[in-house]
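> Okay, here's the prediction I keep looking at, along with the sequence it came from:
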Amino acid sequence: MSSSPFRNRYRDSPPAGAPGRKRSQFTYRHFNQMASYNPSCPLRVIAHLDLDCFYAQVEMVRLRIPEDKPLAVQQWQGLIAVNYPARAFNIGRHCTVTEARKLCPGLIAQHVATWREGDDKWAYRDDAAEHIATDKVSLDPYRLESRKIMTIIKEHLPSGNLQKVEKASIDEVFLDLTAHVHAVMMERFAELKGPEPYGDVNEELPMPGVTALDWKADALVDLGGGDEEGADGEFDDPDWDDVALLVASEIVRNVRGVIREKLGYTCSAGVSRNKLLSKLGSAYKKPNQQTVIRNRAVRHFLSGFKFTKIRNLGGKLGELVAQAFETEAVSDLLKVPIEQLKLKLGHENGVWIYETLRGIDTSEVNSGTQIKSMLSAKSFRPDINNAEQATKWLRIFAADIFARLVEEGVLEHKRRPKTINLYHRHGNQTRSRSGPIPARTLNEEGLFELAKNLFRQITQEGNIWPCSNLSLSVAGFEEGVSGNMGIDAFLVKGDEARALRSSESARTSSKEVDVSTRQQPAAKRRRIDGGGGGGIQRFLTKREPSQDTRPAPEDDLVRKNGGETTLGTSKTYVASGAGWSEEPLPEEAQAGSRRSPIMTHACSRCDANLESTEELQSHLDWHFAKDLQEEERVSQAFANRQASAAASNPRVGSQKGSASASASGPKKSTGKAKKKPERGQSKLKFG
Ligand code: CTP
Ligand code: CA
Ligand code: CA
């Protein structure tokens with residue numbers, strides 16, 4: 001039994017179920033529920049894995065750089081990922097390359113790969129940093145590694161119904177391990193096999209015949225001092241929920257080991273009963289560690305956080321709650337009676353927040369993630385002035401989008417987009433044209449031709465130079481062949497066929513969608529704020545992914561970020577002046593979107609719920625650009641508000657943070673404006 005993490009202490013004690021034995025707080029029914037991923041099963045086990053300094057690790061592995069060397073990933077003059085040795089020098093994402101080199105002269109700064117105007121392949125280039133005007137960042141290397149990681153995880157876990165994996169961002173996954181753990185527990189613990197006494201599934205299980213669980217190197221969140229210890233404390237024998245978490249943590253340790261062994265990457269993990277807690281857990285100890293939040297530790301664990309760190313409470317929502325109750329501390333809000341929460345936030349939201357603060361979260365791990373549209377864009381600084389330049393960019397966009405379509409399985413006819421849109425900005429004026437994508441043009445060259453065609457249509461209007469932004473997007477994804485449907489089902493039909501038959505120049509049936517001016521920053525803000533009636537109530541009742549609070553690049557941001565965007569969205573967004581406006585898709589395409597399952601991916605930094613990993617990634621990129629922007633441009637008023645907020649609540653002031661967004665982005669309630677402490681520098685303190 002020495003290799004087992006369980007030590008049997010009951011060798012001489014009464015057999016399971018015998019009179020005099022304390023019984024478990026869980027029933028046979030609870031245990032059975034594990035096999036079907038019942039989200040209200042109290043023995044659920046969910047893990048969250050997050051790669052350590054992901055882009056930095058990708059570069060280190062690619063360039064075979066020893067692990068102790070400080071390295072950062074550079075984008076123009078900024079840093080987008082910093083490895084842990086470099087963090088030891090106080091280098092963070094807030095630094096410019098110059099500042100970082102001052103802090104650590106030996107720093108290796110590797111620029112991200114870029115597309116270059118006129119080229120049709122991305123590449124790592126030594127001179128990329130100086131080519132913000134002609135280059136566009138490619139995150140393809142990281143996407144590719146991300147896919148490899150996903151594949152390895154899926155291969156490692158048992159197949160079929162015992163596996164539930166959700167890609168939550170480019171470097172994160174959720175695993176619902178409940179059914180898997182159930183299977184392992186059935187094998188290891190004869191007492192769980194039943195039959196249940198009196199044939200009643202509501203009978204309590206016997207206590208586990210083990211105690212003193214061996215958590216190996218896992219970080220266990222402690223239980224806090226004082227009163228908790230007695231009721232539900234460390235000295236109580238482990239119950240089946242602890243055992244389930246222990247089994248899960250073994251699985252997670254193995255998964256991490258395989259990723260490490262096969263790809264060389266380390267990651268950190270959180271293991272707990274739900275997504276909310278596991279996500280907090282994976283960030284709790286980094287790098288290369290896993291944190292287990294046992295049910296008995298949940299309360300203490302959460303009470304140390306600002307609630308704005310909790311999934312879905314990070315942005316506007318959290319801010320509104322903070323305003324309503326004048327605090328950001330979970331511990332403060334825990335004292336607020338549910339009636340009062342309901343009174344101020346509405347019934348549904350009051351209940352939701354009440355539960356969330358207590359670590360209750362029944363949201364499910366969704367294994368299907370479906371991209372609904374893709375966008376490739378560049379804002380030009382300086383503006384471009386002729387069709388030749390524009391065409392070079394259209395080629396890049398087509399190549400960029402096609403590469404991602406290949407990843408989506410377009411070559412295997414799994415999915416395909418049905419519409420293509422080109423957006424153009426000239427001064428205050430935006431124009432866009434869209435049309436169907438005939439199946440036969442679904443290749444890089446075909447997309448390029450379609451894009452040029454749309455561009456010609458825009459050109460015909462005249463007065464289009466100089467141009468400050470071009471964006472190409474595809475949308476209206478349709479599932480490909482399934483069952484015995486042949487490839488024909490995937491080929492030209494209906495509108496597309498008609499479009500194909502029509503004249504050369506009309507291959508893309510055009511439609512003017514948006515000509516707007518720049519003087520309308522309020523439009524988007526209204527959408528974000530839930531303005532137009534309802535105020536807080538209206539906002540709070542919409543936690544649905546369809547409520548898009550996603551920000552988009554704006555002029556200033558775009559300047560800092562090199563003016564580029566790579567999105568996968570459920571809707572196509574086009575920049576209109578200072579904000580972005582929503583462009584209606586052709587009806588057909590919208591119907592296609594509706595058929596797809598809705599996936600939500602919550603941003604860890606604000607409350608935005610995004611519908612795809614691509615979208616989330618690009619949203620993170622947006623945060624990043626915003627971070628950089630804030631370094632320089634945060635208003636004094638805002639900064640002062642911060643300072644006073646922090647001063648009034650020092651207890652929660654040391655959270656590891658992230659920079660806030662601007663007025664039109666998803667606001668952080670903390671509004672932390674300046675240098676954020678890096679992971680590893682400030683550890684959360686418990687107990
Ligand atoms: N990213 C970014 N800009 C941000 C946030 C994230 O470009 N504002 C990118 C980073 O380059 C990063 C990846 O997304 O490598 C994952 O982000 P995150 O998990 O937040 O950070 P890591 O760099 O992986 O660092 P950690 O070890 O703290 O997870
Ligand atoms: Ca990470
Ligand atoms: Ca992450």
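Noted; the coordinates are in hand. Ligands and ions are numbered 1, 2, ... in the order given.
> residue contacts, the closest residue in space to T266 that isn't next to it in sequence?
Nearest residue to T266, sequence neighbours excluded (CB to CB, 6 or more residues apart in numbering): N288, at 4.0 Å. In short, each C-beta sits where N, CA and C put it, glycine included. By CB atoms under 8 Å, 6 or more residues apart in numbering, the contact set of N288 is 52, 256, 266-268.
> what's the burial count for the closest residue to L157 other than its chain neighbours?
Leaving aside its chain neighbours, L157 sits nearest to Q163 (4.5 Å; criterion: CB to CB, 6+ apart). By the criterion of other CB atoms under 10 Å, Q163 has 18 neighbours.
> among the contacts of N288, which two are most distant?
Pairwise distances across those (CB to CB) peak at 10.4 Å, for the pair D52 and R256.
> any residues in contact with both of those two?
With CB under 8 Å, 6+ apart, D52 and R256 have common neighbours 266-267, 288.
> isn't there a helix covering D126?
No: with DSSP: H, G, I helix; E, B strand; the rest coil as the criterion, D126 is coil rather than part of a helix.
> on that earlier part again, which single one of the shared contacts of D52 and R256 is nearest to ligand 2?
Nearest to ligand 2 among the shared contacts of D52 and R256: C267, at 7.5 Å, using CB to the ion.
> Give me the neighbour count for the residue lying closest to the closest one once chain neighbours are set aside.
The shortest distance from C267 to any non-neighbouring residue, by CB to CB, 6+ apart, is to L51 (4.5 Å). As a burial measure, L51 scores 26 neighbours (other CB under 10 Å).
> Pretty sure L51 sits against D171.
Yes: between L51 and D171 there is a contact under CB atoms under 8 Å: 3.9 Å.
> any shared contact partners between the two?
Each of C267 lies in contact with both L51 and D171 under the rule CB under 8 Å, 6+ apart.
> rewinding a little: got a pLDDT number for the residue nearest to L157?
What the model reports as pLDDT for Q163 is 96.
> which secondary structure element contains the residue nearest to T266?
Here N288 is covered by no helix or strand, with elements defined by DSSP states H and E.
> Ok, K262 next?
Assigned by DSSP H and E, K262 falls within helix 240-263.
> same thing with F31?
Counting by DSSP H and E, F31 is found in helix 28-33.
> Averaged pLDDT, that helix. What do you get?
Helix 28-33 carries an average pLDDT of 96.
> Where do the helices of the stretch 1-150 of the chain begin and end?
Secondary structure of the stretch 1-150 of the chain by DSSP state H, counting those that start in this stretch: the helices cover 28-33, 54-62, 84-87, 97-103, 140-156.
> hmm, the third one in reach of ligand 1?
No: interface with ligand 1: helix 84-87 contributes nothing (CB under 6 Å from any ligand atom), its closest point being 7.4 Å away.
> Using CSV, write out every CA atom in that helix.
This file holds the C-alpha atoms of helix 84-87, laid out as CSV (Å, rounded to 0.1, in the frame of the first residue of the first chain):
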residue,chain,number,x,y,z
TYR,A,84,9.6,33.6,-14.1
PRO,A,85,13.3,34.1,-14.0
ALA,A,86,12.7,37.5,-15.6
ARG,A,87,9.9,38.3,-13.1
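> Extract the residue ranges of the chain that are flagged as low pLDDT.
Within the chain, the ranges that satisfy pLDDT under 70 run 1-21, 225-235, 369-370, 480-687.
> Walk me through the domains of it.
Domain segmentation of the chain under automatic domain parsing yields 1-10+20-45+177-292, 53-138, 304-367, 373-479, 489-508+523-609.
> Quick check: buried residues in stretch 23-33?
24, 26-28, 30-33 (16 or more other CB atoms under 10 Å).
> do stretch 288-297 as well
Of the residues in stretch 288-297, 289-297 count as buried by neighbour count, 16+ other CB under 10 Å.
> mind checking the end-to-end distance for it?
22 Å (CA to CA, to the nearest Å).
> Flag every residue of the protein that's near ligand 2.
Counting by CB under 5 Å from the ion, the chain comes close to ligand 2 at 50-51, 54, 171.
> got a list of what H426 touches?
Counting by CB under 8 Å, 6+ apart, H426 touches 463-468.
> are any of these buried, and which?
Here, 16+ other CB under 10 Å leaves 464, 467-468 buried among the contacts of H426.
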